[in-house]
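**Q** Need the 3D shape of this:
(2 chains)
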Amino acid sequence: MARIVLENIAHAYGPSPKGPEDYALKTLNHVWENGGAYALLGPSGCGKTTLLNIISGLITPSEGRVLFDGKDITALPTAERNIAQVFQFPVIYDTMTVAQNLAFPLRNRSVSRAEVEKRVAEVAKMLDLLPILTKRARGLTADVKQKVSLGRGLVRPDVTAILFDEPLTVIDPHLKWQLRSKLKELHRQFDLTMVYVTHDQTEALTFADKVVVMYEGEVVQIGTPEDLFERPAHTFVGYFIGSPGMNVAPVTVTGNRARLGTHDIQLGRAYSELPAGTKIELGIRPEFIRVSNSGRGMPGRVVRVDDIGRYRVVKVDLDGHPFNAIADEDAEISDDRASVVLDPANVHIYADGRLVEGKPLSAGAA
Amino acid sequence: MEKTWNNRAWFMVLPVLILVAFNAIIPLMTVVNYSVQETFGGNVFFFSGVTWFQDVLLSDRFHAALGRQLFFTFTILFIEIPLGVAIALTMPRKGFWVSVCLVLMALPLLIPWNVVGAIWNILALPDIGLLGQMLNGMGFDYNYTRHPLDAWFTLILMDVWHWTSLVVLLAYAGLISIPDAYYQAAKIDAASRWAVFRHIQLPKMKRVLTIAILLRFMDSFMIYTEPSVLTGGGPGNATTLLSIDLVKIALGQFDLGRAAAMSIVYFLIVLLLSWVFYTLMMRNEEQS
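**A** Got it, this is the predicted structure:
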């Protein structure tokens, strides 16, 4: 149905981009598989919306091609692509009724009246809009408006991909869940490719099978929510996903040992050839740091303890480097002589922000 | 909290009361006062009831002036509103040219009314005026001081030149408040240019257009300075609008009673028509 391929796509808003800093979107190759649920995650201004608008055709990319099932559609106008888009702020046609809103995209494509009525009824049923079909769209609440604008996409039988640009921003928190599960349900029910832009990690992780993390116009990692959590490919991913984010500290690495200030840290992999001249950093998620009073591990100083509810966030200081650690509700932590243990399997090494693979240790080498 | 009862608090309202009294109520009352009295000179007045009102309402002269006034107002509304919207639609939404366009549009609005009248008076003179000479040079027998039709043409052209900008600016304000997402959604929905105008731009401009129509209606219904300078109501009575007629009666003939009665009728007509306009345009809103 719809396999969307982005081939060397790059976009700059200015007329003549000179350096990489002029690009809102840096060169990117990506395949959106048919029927996939993708989330596009990243901070504001990282190029998410630009990427989305390139797919839907609202923006023509400065470089590269967009392929739809192998067909080059880079120059095809939006209306002729089999794509619908839902925007951050609900777009509805105020003066029309809900039914007229839903019928609008079909009417514009001169679909027969009977067919329009049939499709509108189907979509309205799907989105629970049947009782309000004859109501004016103006007075509706934000979540219903957003459903109507989604409905305008679903109503078209030719639509094979729906793009969402932070669709839940203006929705009340308690309705967000409902709407999101509705989206998942629709995704399961139909063979639709869905791309969902958000800067909310919970939204991204609950919606998508695959999460695409963007940072400063680049895709820094594509993976399942587990991948993003366990093996962040970029320090930004580690920092952006998870609460609190990954701890990052500058280290020097030799083989399978890292040196952090005066501390010597055991690593789960060996790093023999780290790129020269780069900034070497260690990253570890707070979940994999154990702070105790046992005396075993590196001596650290506890700076503060925040009780989050089911667990506690302990801020420890290792030779001047702050680390967050997750501790159980009942773990005993004293202020002065805490022992810090980093789980070697989950310590990652980054060169200039990017994950370095390293070699698995042979048995007994550690 | 304990409330302090002190009637001297009423003094706080006094300044506003005095202001409103002097700039609205008292002048209006003098007009009401004149409208029910008759004088034969010597500053002696007699109460004459509603005779002035009967007089005004039944006079052919008033009917003719009212007719001309309505014709003028509706003609300029029919031209200025669509023209203003059309111009606003062609103005750029972003970039350097926005401010250029806005300044150019605002210019006619900054010119004093009697200067506008004087400009057009000279511009349209058949012998030396640029417009007048040009029209005559093109073979038209154009003379706005002699032919009623030419006078009307010039009058309406002048008003359109002077006031379309106001409609443009208001319509433009309505247009730029429409988020980009609407246009993007319309593209995805394959909406035609007309559908975009009909279903997105027009509804979003509705409020400002309501204001534009009301303002243009009231202003044009009360217009005095420009036609007075341009044609003085002539040739003959051809362009004698209500306000010009009123001044002729009040200051030319010094017919105070009739002028006062006419003022009140005039005022009530403006009020009534404005109300009708507003109600008609807002009725749609309430239905939804």
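
**Q** near chain A, which residues of the stretch 51-200 of chain B?
**A** Where the stretch 51-200 of chain B comes near chain A, counting by Cβ under 8 Å from any Cβ of the partner chain, the residues are B:179, B:181-182, B:184-185, B:187-192, B:195, B:199-200. C-beta here means a position set from N, CA and C on the backbone, and glycine is covered the same way.

**Q** Can you give me the neighbour number for residue B:146?
**A** 13 (other Cβ atoms under 10 Å in any protein chain shown).

**Q** in what helix or strand does it lie?
**A** If you go by DSSP states H and E, residue B:146 is not part of any helix or strand.

**Q** Tell me the spacing between it and chain A.
**A** 49 Å (Cβ to the nearest Cβ, to the nearest Å).

**Q** gap between that residue and residue B:245?
**A** Residue B:146 is 21 Å from residue B:245, where distance means Cβ to Cβ, to the nearest Å.

**Q** May I have the phi/psi pair for the nearest residue to residue A:210 once chain neighbours are set aside?
**A** Nearest residue to residue A:210, sequence neighbours excluded (Cβ to Cβ, 6 or more residues apart in numbering or on different chains): residue A:38, at 5.2 Å. Note on residue A:38: its backbone torsions stand at phi -110, psi 150 [degrees, to the nearest 10].

**Q** for residue A:38, what are its contacts?
**A** Neighbour list for residue A:38: A:32, A:193, A:194, A:195, A:196, A:208, A:209, A:210, A:211, A:212 [criterion: Cβ atoms under 8 Å, 6 or more residues apart in numbering or on different chains].

**Q** Give the bridge partners for it, please.
**A** With DSSP bridges as the criterion, residue A:38 is bridged to residue A:195, residue A:210.

**Q** where's it relative to chain B, distance?
**A** From residue A:38 to chain B the distance is 19 Å (Cβ to the nearest Cβ).

**Q** which parts of chain A sit against chain B?
**A** Residues of chain A lying near chain B (Cβ under 8 Å from any Cβ): A:53, A:56-58, A:77-79, A:83-85, A:87-89, A:91, A:93-96, A:104-105, A:108-109, A:136, A:138-139, A:149, A:152-153.

**Q** Find the closest residue to chain B in the stretch 251-366 of chain A.
**A** residue A:353 (33.1 Å; Cβ to the nearest Cβ).

**Q** The residue lying closest to that residue once chain neighbours are set aside: neighbouring residues, count only.
**A** In this structure, residue A:353 finds its nearest non-sequential neighbour in residue A:235, 4.8 Å apart by Cβ to Cβ, 6+ apart. Using other Cβ under 10 Å, residue A:235 has 23 neighbouring residues.

**Q** While we're on residue B:288, how confident is the model there?
**A** Looking at residue B:288, its pLDDT reads 44.

**Q** Grab the nearest non-local neighbour of the residue nearest to the spatial centre of chain B.
**A** Closest residue to the average C-alpha location of chain B: residue B:219 at 1.7 Å, with Cα atoms, centre = their mean. Using Cβ to Cβ, 6+ apart and skipping residues adjacent in sequence, the residue nearest residue B:219 is residue B:163, 7.2 Å away.

**Q** Ok, residue A:81 next?
**A** Per Cβ to Cβ, 6+ apart, closest to residue A:81 is residue A:57, 5.2 Å.

**Q** what does residue B:244 give?
**A** Closest residue to residue B:244 apart from its sequence neighbours, by Cβ to Cβ, 6+ apart: residue B:233 at 4.4 Å.

**Q** for the stretch 51-200 of chain A, what spans make up the helices?
**A** A:98-108, A:113-126, A:142-154, A:173-189 (DSSP state H, counting those that start in this stretch).

**Q** Residue B:79: which of the ones you listed is closest?
**A** Residue B:79 sits nearest to helix A:98-108 of all the helices of the stretch 51-200 of chain A, at 31.6 Å, using Cβ to Cβ.

**Q** Pull out the buried residues from the closest one.
**A** Within helix A:98-108, the residues that qualify as buried are A:98, A:99, A:100, A:101, A:102, A:103, A:104, A:105, A:106, A:107, counting by 16 or more other Cβ atoms under 10 Å in any protein chain shown.

**Q** closest to chain B among those residues?
**A** Nearest to chain B among the buried residues of helix A:98-108, with distances taken as Cβ to the nearest Cβ, is residue A:105, at 4.1 Å.

**Q** Can you tell me the element the residue nearest to the centre of chain B falls in?
**A** Here residue B:219 is covered by helix B:202-221, with elements defined by DSSP H and E.

**Q** Only C-alpha atoms, please: export that helix in CSV.
**A** Presented in CSV, the C-alpha positions along helix B:202-221 are these (Å, rounded to 0.1, in the frame of the first residue of the first chain):
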residue,chain,number,x,y,z
LEU,B,202,-14.6,34.5,4.3
PRO,B,203,-15.7,32.9,7.6
LYS,B,204,-12.5,34.1,9.3
MET,B,205,-13.0,37.6,7.9
LYS,B,206,-16.6,37.8,9.0
ARG,B,207,-16.1,39.7,12.2
VAL,B,208,-13.8,42.3,10.7
LEU,B,209,-16.0,42.7,7.7
THR,B,210,-19.0,43.2,9.9
ILE,B,211,-17.1,46.1,11.5
ALA,B,212,-16.0,47.4,8.1
ILE,B,213,-19.5,47.4,6.8
LEU,B,214,-20.9,49.1,9.9
LEU,B,215,-18.2,51.7,9.9
ARG,B,216,-18.5,52.4,6.1
PHE,B,217,-22.3,52.5,6.4
MET,B,218,-22.3,55.0,9.3
ASP,B,219,-19.5,57.1,7.9
SER,B,220,-21.0,57.3,4.4
PHE,B,221,-24.4,58.0,5.7
